[in-house]
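Participant: Here is my input; please provide its structure:
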Amino acid sequence: MGDARVVPGVRSTPTSRRAAGFAVWYLRVVAFVNFLSAVWVSLGQDVRRHNQEDYFTPYLLTAGFASGVFTAFLAITMRRRKRAAWILNLVLSGAFLALFVLAMAFPEIRRYAQNWISLALTAAFVAALLAGRREFYAKGDRSNPRLAAAVGVGGLLASSLLAALLVTVTNQAHGASTFLDRWRYGTLRLVSVAADDSGYTAISTPNWVDVVINVLSTLLVLAVFYAAFRSRRAVDPLTADDERRLRELLDRHGERDSLGYFALRREKSVIWSPTAKAAVTYRVVGGVSLASGDPIGDPEAWPGAIEPWLAEARAHGWLPAVMGASEEAGTLYARHGLDALELGDEALVEVAEFTLEGRAMRTVRQAYNRVKRAGYTVRVRRHEDIPEEETAALVRRADDWRDGATERGFSMALGRLGDPADGRCVMLECTDADGELKALLSFVPWGPHGLSLDLMRRDRDADNGLMEFMVIELLQRAHEIHITQVSLNFAMFRSVFERGARLGAGPVLRLWRSLLSFFSRWWQIESLYRANAKYRPIWEPRFLLFEKSADLPRIGISSARAEGFLEVPGLPRWLRRRRHLETYR
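Facilitator: The predicted model follows:
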């Protein structure tokens, strides 16, 4: 909490930052003690006895997993500078402090010295909240109150019915009880494990049932608070005007970044520099404002787009992160307070330098000739030159060949095929000796004379080596469409595989390479490197930019969700806020 962040309209001072830091650490310590009390029986008994016998413990110190989870949740939301969390803590702690002061007026309570310590800690927490109020500026979604109410009402009904069903199944009493009685009993246990159940003589359940039901209540409370405190989940996607202006920038500066065209993904949002000469495109996923590639436009105007993007992320409590930035852009992002981690390398092929000749290309040359002798041919066309009926047929085949129902890709994929606005994209169609379509490749423009790989699809029953055959055909016939450079796949952690295989590689590097090779069985990390290396490309490093190392797990999950590798269950459709998206024709 000690880092100075530029947020519009917020006047941060060293005193307010220290006060906010104290409030967050207070909640962290209390959460730790609550968890410790839950597993350390004697400590938990001491805390509960001290609290229950009118001694009063400090704010939120009650001992137990439920209170620990709740306090830890508040610590996390406060750490993310959520204004709603600050308001809730101020209301609860202020009321608790008022009750504390009133109780201390009675001699039988005041005589315990521990109360003065508890009073001082609670008062210090309230004072820290007031002194650090400027630091809690992150806005929530306007729909949060309605969503929290819906989750609370719906969740209470569902959990109480589930509790009643659990009581019905495990009831060990022999007397007669109605479902309404069991529902009331289950609702009572949702409130407290120790609640008085003397009025339910016909109901007797094992202790574990009471605990499970109470855990349901804890999960419900967390769900309600998550709905109430969540950050704004998204902003307006690209409009038709935004797309037009981005295309104009790409026409002037698109050759600078091979990933520039992917900024036109329409679920992305855009922030413009004051001069409109540069822009940052991004998507909010899981509370992370995820940009990809370099800013679009004139490099001299990049800072004017980066600064408002960072300011917006901090104002909404989002974590700013950039995937796949070049070294030039990464250096500029670093000047704005972000740290860099090398993700891997992009394979770039200069058409004029590519050749199948030579001993080093013998294996590739043989594979290419084998596929060519089998009768496969490749057709190269701009999308705008393909008739509409053929385009629709190609899109259907590409969808049929897709691996899974999810369209993967975010930072290095356009996410659509056959859109009339993408007429300058290039399509490669591979057919067998009988003229049947067996594979597709689609490339997006990279400036006036470059292409960047977007989509690869093939018939699973086709011969191996079709993709390599098609790429080589493109490189050999690039002059037909006036192309001088091609960007192929991104190879994650390429340097680890390359250096780890060399003579004299250290034990740490060899271990890291072994781990990546193991995970490549599922995620094709090493195979992508090998597939690109056969073209003997120029390797251009790409970087991940982030603020703090502790945020990397959350950024990694959000990136996996954005790329389509991780699906997270969402809320039911009737709970989602309606969004009216711009219709593109």
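Participant: Apart from its neighbours in sequence, what residue is nearest Tyr535?
Facilitator: Distance criterion C-beta to C-beta, 6 or more residues apart in numbering; nearest residue to Tyr535, sequence neighbours excluded, is Val349 at 5.4 Å. For every residue, glycine as well, the C-beta is placed using N, CA and C.
Participant: I'd guessed that neighbour sits against Gln485; true?
Facilitator: Yes - assessed by C-beta atoms under 8 Å, Val349 is found in contact with Gln485 at 6.9 Å.
Participant: Show me where the stretch 251-400 of the chain has its strands.
Facilitator: 269-272, 278-285, 288-292, 296-297, 319-325, 339-350, 377-382 (DSSP state E, counting those that start in this stretch).
Participant: where are the low-confidence patches of the chain?
Facilitator: Within the chain, the stretches with pLDDT under 70 are 1-11, 54, 108-114, 191-201, 233-234, 404-409, 492-529, 565-585.
Participant: which one in it is furthest away from the centre?
Facilitator: In the chain, the residue that sits farthest from the middle, by C-alpha atoms, centre = their mean, is Pro107; the gap is 54.1 Å.
Participant: measure it to Asp251 for me?
Facilitator: Distance of Pro107 to Asp251, given as C-beta to C-beta, to the nearest Å: 82 Å.
Participant: do the same with Ser160
Facilitator: Distance, Ser160 to Asp251, using C-beta to C-beta: 60 Å.
Participant: Those two: which is more packed in?
Facilitator: Remark: of Ser160 and Asp251, Ser160 carries more neighbours, 21 against 12, as counted by other C-beta atoms under 10 Å.
Participant: Please identify the helix or strand for that one.
Facilitator: Element membership for Ser160, per DSSP states H and E: helix 144-170.
Participant: How about Phe136: what's its closest non-neighbour residue?
Facilitator: Phe136 sits nearest to Trp86 (C-beta to C-beta, 6+ apart), 3.7 Å away.
Participant: Am I right that that neighbour is in contact with Leu129?
Facilitator: Yes - with contact defined as C-beta under 8 Å, Trp86 counts as touching Leu129 (6.4 Å).
Participant: who's in contact with the closest residue to His336 other than its chain neighbours?
Facilitator: Counting by C-beta to C-beta, 6+ apart, Ile306 is the residue found nearest to His336 once chain neighbours are left out, at 5.4 Å. Counting by C-beta atoms under 8 Å, 6 or more residues apart in numbering, Ile306 makes contact with Val280, Pro295, Leu332, Tyr333, His336.
Participant: Distance of the fourth one relative to Ile306?
Facilitator: Which is Tyr333. 7 Å.
Participant: Kindly report the same for the first one.
Facilitator: Using C-beta to C-beta, we find Val280 at a distance of 6 Å from Ile306.
Participant: Any chance you could list residues touching both of the two?
Facilitator: Joint contacts of Val280 and Ile306 (C-beta under 8 Å, 6+ apart) are Pro295.
Participant: got the contact list for the closest residue to Val395 other than its chain neighbours?
Facilitator: Among residues not flanking Val395 along the chain, Gly418 sits closest, at 4.5 Å (C-beta to C-beta, 6+ apart). Contact analysis of Gly418 by C-beta under 8 Å, 6+ apart lists His383, Thr391, Ala392, Leu394, Val395.
Participant: Can you flag the buried ones in those?
Facilitator: Neighbour-count burial (16 or more other C-beta atoms under 10 Å) is assigned, among these, to His383, Thr391, Leu394.
Participant: what residues are up against the last one?
Facilitator: In this case it means Leu394. Here Leu394 is in contact with Ile386, Leu417, Gly418, Met427, Glu429, Leu437, Leu440 (C-beta under 8 Å, 6+ apart).
Participant: From these, pick the one nearest Val24.
Facilitator: Nearest to Val24 out of those is Leu417 (C-beta to C-beta; 47.0 Å).
Participant: And the closest one, how far from Thr15?
Facilitator: 56 Å.
Participant: same check, this time on Arg256
Facilitator: 44 Å.
Participant: more neighbours, those two?
Facilitator: Higher neighbour count among Arg256 and Thr15: Arg256, with 19 against 11, using other C-beta under 10 Å.
Participant: contact partners of stretch 311-322?
Facilitator: The contact list for stretch 311-322 (C-beta under 8 Å, 6+ apart) reads 5-8, 80-82, 137-140, 231-232, 271, 284, 287-292, 309-310, 329-330, 333, 338, 543-547, 551, 554-555, 558-559.
Participant: Show me just the buried residues among those.
Facilitator: By 16+ other C-beta under 10 Å, the contacts of stretch 311-322 give 5, 7, 80-82, 137-138, 140, 231-232, 271, 284, 287-292, 309-310, 329-330, 333, 338, 543-547, 551, 555, 558-559 as buried.
Participant: Which of the contacts of Leu394 sits closest to Ser217?
Facilitator: Leu417 (48.2 Å).
Participant: isn't that closest one right up against Leu441?
Facilitator: No - if you go by C-beta under 8 Å, Leu417 and Leu441 don't touch, sitting 11.2 Å apart.
Participant: between these two, what contacts are shared?
Facilitator: With C-beta under 8 Å, 6+ apart, Leu417 and Leu441 have common neighbours Leu455.
Participant: re earlier: roughly how far does the residue nearest to Val395 sit from Arg379?
Facilitator: For Gly418 relative to Arg379 (C-beta to C-beta), the value is 16 Å.
Participant: cool, and Leu165?
Facilitator: 62 Å.
Participant: Repeat that for Asp236.
Facilitator: Counting by C-beta to C-beta, the gap between Asp236 and Arg379 amounts to 39 Å.
Participant: just to revisit the earlier point, need the buried ones among the contacts of Gly418 in TSV with distance to Arg146, can you?
Facilitator: Formatted as TSV, those follow (distance: C-beta to C-beta, whole Å):
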residue	distance to Arg146
His383	43
Thr391	43
Leu394	44
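Participant: of the contacts of Leu394, closest to Leu99?
Facilitator: Of the contacts of Leu394, the one sitting nearest to Leu99 (C-beta to C-beta) turns out to be Leu417, at 63.3 Å.
Participant: That closest one is in what secondary structure piece?
Facilitator: Going by DSSP H and E, Leu417 is not part of any helix or strand.
Participant: next one: phi and psi at it?
Facilitator: The phi/psi pair for Leu417 (degrees, to the nearest 10) reads phi -140, psi 130.
Participant: Run a quick neighbour tally on it.
Facilitator: Other residues within reach of Leu417, judged by other C-beta under 10 Å, total 20.
Participant: Could you do Ile386 as well?
Facilitator: Neighbours of Ile386 using other C-beta under 10 Å come to 19.
Participant: Could you do Asp461 as well?
Facilitator: 6.
Participant: now do the one 5 residues further on
Facilitator: Residues near Leu466, counting by other C-beta under 10 Å, number 22.
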